[in-house]
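Trainee: model the structure of this input:
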Amino acid sequence: MMLPTHALVGMVLALPFVLVAPDAASHALLAGFAGGILPDLDLYSGHRKSLHYPVYYSLFAVPAVLAAVVIQGPVTIGAAVLLLGAAVHCLTDSLGGGLELRPWEGTSDRAVYNHYSERWIRPRRWVRYDGAPEDFMASAVLGGFLFTVVDGPFQAIVALAVLVAGTYTVVRRLLPSIATAIIALLPPHVQPLLPARYLEGEG
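Mentor: Just a heads-up that it's a prediction; the model follows:
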């Protein structure tokens, strides 16, 4: 799934904590947003491996959630939602496409790396690729729901996330060709610094 969808999922995961501890609502929503995007900070360096830990995020999220239930404070709730958002991000990546430059072609067998078993999890392609129409629909539904239950600056964050999701969906299939054209113009010594999928079409 694309980054806006992950971010919105993280914010939705924060809502139970918002209901239980309204005073920590801002911390929970921000932590959910951050947790949703955290794993994808490895986008240009070992994508879906360097910061993707589907097992370990999940394991750490369990005691963090228990701690947040017992000790309801901004720090405990923030940590719990952050880990939940990151865990769900990694787990849902396995439901999408692979790591190839054009994931709609279905040529990659790598969705997300499982550090525990030291192997790649295969893509299930329930969401065919990041930025697919069904991916945008998920962002739109999540965003519409969130927009009705949050207020203030969080409504602006949600609206911006949906706008970015829509824009990305429109241009998604054009991006590989644009990236390939730009890479061809780069100096030869720069190209090895780019992710392999941009050079070879594989993850």
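
Trainee: which residue ranges form the helices in this structure?
Mentor: 3-20, 25-37, 54-70, 74-93, 133-149, 153-171, 175-185, 196-200 (DSSP state H).

Trainee: dump the ones you listed to a markdown table, plus distance to residue 103.
Mentor: Backbone N, C-alpha and C define where each C-beta goes, glycine included. Converted to a markdown table, the helices of the chain look like this (distance: least, Cβ to Cβ, whole Å):
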| stretch | distance to residue 103 |
| --- | --- |
| helix 3-20 | 15 |
| helix 25-37 | 19 |
| helix 54-70 | 18 |
| helix 74-93 | 11 |
| helix 133-149 | 11 |
| helix 153-171 | 13 |
| helix 175-185 | 9 |
| helix 196-200 | 9 |
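
Trainee: possible to save these as JSON lines with mean pLDDT?
Mentor: Output for those, formatted as JSON lines (pLDDT from 0 to 100):
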{"stretch": "helix 3-20", "mean pLDDT": "96"}
{"stretch": "helix 25-37", "mean pLDDT": "97"}
{"stretch": "helix 54-70", "mean pLDDT": "96"}
{"stretch": "helix 74-93", "mean pLDDT": "97"}
{"stretch": "helix 133-149", "mean pLDDT": "97"}
{"stretch": "helix 153-171", "mean pLDDT": "97"}
{"stretch": "helix 175-185", "mean pLDDT": "86"}
{"stretch": "helix 196-200", "mean pLDDT": "68"}
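
Trainee: adding mean neighbour count and distance to residue 127, write those helices out as JSON lines.
Mentor: Output for the helices of the chain, formatted as JSON lines (neighbours: other Cβ atoms under 10 Å; distance: least, Cβ to Cβ, whole Å):
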{"stretch": "helix 3-20", "mean neighbour count": "23", "distance to residue 127": "8"}
{"stretch": "helix 25-37", "mean neighbour count": "24", "distance to residue 127": "15"}
{"stretch": "helix 54-70", "mean neighbour count": "17", "distance to residue 127": "16"}
{"stretch": "helix 74-93", "mean neighbour count": "24", "distance to residue 127": "8"}
{"stretch": "helix 133-149", "mean neighbour count": "18", "distance to residue 127": "5"}
{"stretch": "helix 153-171", "mean neighbour count": "17", "distance to residue 127": "12"}
{"stretch": "helix 175-185", "mean neighbour count": "12", "distance to residue 127": "17"}
{"stretch": "helix 196-200", "mean neighbour count": "14", "distance to residue 127": "18"}
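
Trainee: how about those, which one is nearest residue 48?
Mentor: Among the helices of the chain, helix 74-93 comes nearest to residue 48, with 6.1 Å by Cβ to Cβ.
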